[in-house]
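J.: No sequence on hand, only this structure:
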């Protein structure tokens, strides 16, 4: 059944798809843990979803929810955009592709150069992808202890990114700042 106004599936069906994405992410990230907390990496994926759905002031589609959970699987795991497309459809795959950092190797320069390239790329992705990225930044920021040496570097990179990535949900953008 669909709700004509929003195009959403029934709640139970949507939850089933999101839960399937969480299982997919947990399997893909099985050997990974969060750097500072040591928790299983999938906790970050679920946190991004929770921030997205709890704090966004705009409509969050099922595809956005699934992409929030899967946002790191292509970048950090042995999963391709094609794998995501087969498992979750074209719209989710496009969002995950937009969220995947493509400037990761030394051929793109040092960290500062790679982050500059990534800022330009992310400034051009869809508003939905930017909204998910805000939730990702918020989750990463909240996971990092204040005494972490890297926190100042991350804060500088995050703020520079948020100056250029301005098309997403305004409430999440404000929280991310």
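T.: Ah, there it is. Computed from a predicted structure; not experimentally measured. Residues are numbered from 1 along each chain as shown.
J.: Give me the neighbour count for residue 89.
T.: Residue 89 is flanked by 14 other residues according to other C-beta atoms under 10 Å. Using the backbone N, CA and C atoms, a C-beta is placed for each residue, glycine as well.
J.: go on, residue 137?
T.: Neighbour number of residue 137 under other C-beta under 10 Å is 24.
J.: Is it correct that it falls within a helix?
T.: Yes - Residue 137 forms part of a helix when assessed by DSSP: H, G, I helix; E, B strand; the rest coil.
J.: ok, it - contacts?
T.: Neighbouring residues of residue 137 by C-beta atoms under 8 Å, 6 or more residues apart in numbering: 158, 161-162, 176.
J.: what about 10 Å?
T.: 48, 51, 154, 157-159, 161-162, 165, 172-173, 175-177 (C-beta atoms under 10 Å, 6 or more residues apart in numbering).
J.: again, but for residue 160
T.: For residue 160, the contact set (C-beta under 10 Å, 6+ apart) comprises 112, 115-116, 119.
J.: What separation is there between it and residue 141?
T.: Distance, residue 160 to residue 141, by C-beta to C-beta, to the nearest Å: 14 Å.
J.: What's the local residue count around residue 120?
T.: Using other C-beta under 10 Å, residue 120 is surrounded by 10 other residues.
J.: A strand includes it, no?
T.: No - with three-state DSSP as the criterion, residue 120 is assigned helix and is not in a strand.
J.: can I assume it is in contact with residue 163?
T.: No - the criterion here is C-beta atoms under 10 Å, and residue 120 misses it with residue 163 at 11.8 Å.
J.: Over to stretch 28-44 now: how far is its first residue from its last?
T.: One end of stretch 28-44 to the other measures 13 Å (C-alpha to C-alpha, to the nearest Å).
J.: can you pull the buried residues of that stretch?
T.: For stretch 28-44, a neighbour-count test (16 or more other C-beta atoms under 10 Å) marks 28-29, 34, 40-44 as buried.
J.: the helices in this protein, which residues?
T.: Secondary structure of the chain (DSSP state H): helices located at 11-28, 42-55, 62-70, 73-76, 81-88, 90-99, 111-123, 127-143, 150-164, 170-176.
J.: Name the residues of the worst-scoring helix or strand of the chain on mean pLDDT that come out as buried.
T.: Among the helical and strand segments of the chain, the one scoring lowest on mean pLDDT, DSSP states H and E is helix 11-28, with a mean of 86. Buried residues in helix 11-28, defined by neighbour count with 16+ other C-beta under 10 Å: 17-18, 21-22, 24-26, 28.
J.: elements contacting that helix?
T.: In this structure, helix 11-28 packs against helix 42-55, helix 62-70, helix 73-76, helix 81-88, with contacts taken as 3 or more C-beta pairs under 10 Å, 6 or more residues apart in numbering; DSSP states H and E.
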